[in-house]
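In: Provided below are the primary sequence and the corresponding predicted coordinates.
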Amino acid sequence: MADLARAQVLISGRVQGVFYRAYTRDQARARGLKGWVRNLPDGRVAAVFEGQRSSIEDMLAWCRQGPPYAMVEDVQVEWQPYRGDLQDFRITY
């Protein structure tokens, strides 16, 4: 069976107003991940990625760079057990 995992992520820096959520959605879908991404009131972006651990690790590497015009300062990751309760990857508000 695949090595399934879940990661809860907080991204800080210049990550709002630079299409970080839209790029994250597209990158996560391209990697076959499920979950969500949203802006937080404090200027950070929060996300949950669920799927194969190697795909999540690849996604986290992308998160550390972000899209053009983003300036990522920190990515905090909390690994969690796989739940399998997510249907797709979407932007939430």
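Out: The structure has been received and is ready for your questions.

In: grab the nearest non-local neighbour of W62.
Out: Using Cβ to Cβ, 6 or more residues apart in numbering and skipping residues adjacent in sequence, the residue nearest W62 is Q27, 5.3 Å away. Yep, even glycine has a C-beta here, placed from its N, CA and C like the rest.

In: check which helix or strand that neighbour maps to.
Out: Using DSSP states H and E, Q27 maps to helix 20-30.

In: name every strand pairing with whichever helix or strand comes after that helix and say which way it goes.
Out: Next along the chain after helix 20-30, taking DSSP H and E as the criterion, comes strand 34-39. In the sheet, strand 34-39 lines up against strand 45-52 (antiparallel), strand 89-91 (parallel) (DSSP bridges).

In: pull out the buried residues from strand 34-39.
Out: 34-37, 39 (16 or more other Cβ atoms under 10 Å).

In: so the residue most central in space within the chain bridges to which residues?
Out: The chain has A47 as the residue nearest its centroid, 4.3 Å off, counting by Cα atoms, centre = their mean. Beta-bridge partners recorded for A47 (DSSP bridges): V9, V37.

In: so who does it touch?
Out: If a contact means Cβ atoms under 8 Å, 6 or more residues apart in numbering, then A47 has 8-9, 11, 24, 28, 35-38, 63 as its contacts.

In: and what of I56?
Out: Contacts of I56 (Cβ under 8 Å, 6+ apart): 5-7, 33, 49-50.

In: hang on, it is in a helix, isn't it?
Out: Yes. Counting by DSSP: H, G, I helix; E, B strand; the rest coil, I56 falls inside a helix.

In: from here on, count from 28
Out: Taking 28 as the first residue, the last one we looked at is I83.

In: how close does it get to G93?
Out: 16 Å (Cβ to Cβ, to the nearest Å).

In: how about R110?
Out: 26 Å.

In: higher neighbour count, these two?
Out: With neighbours defined as other Cβ atoms under 10 Å, R110 and G93 compare such that G93 has more, 22 against 11.

In: where in this structure is pLDDT low?
Out: Scanning the chain for pLDDT under 70 picks out 28-29.
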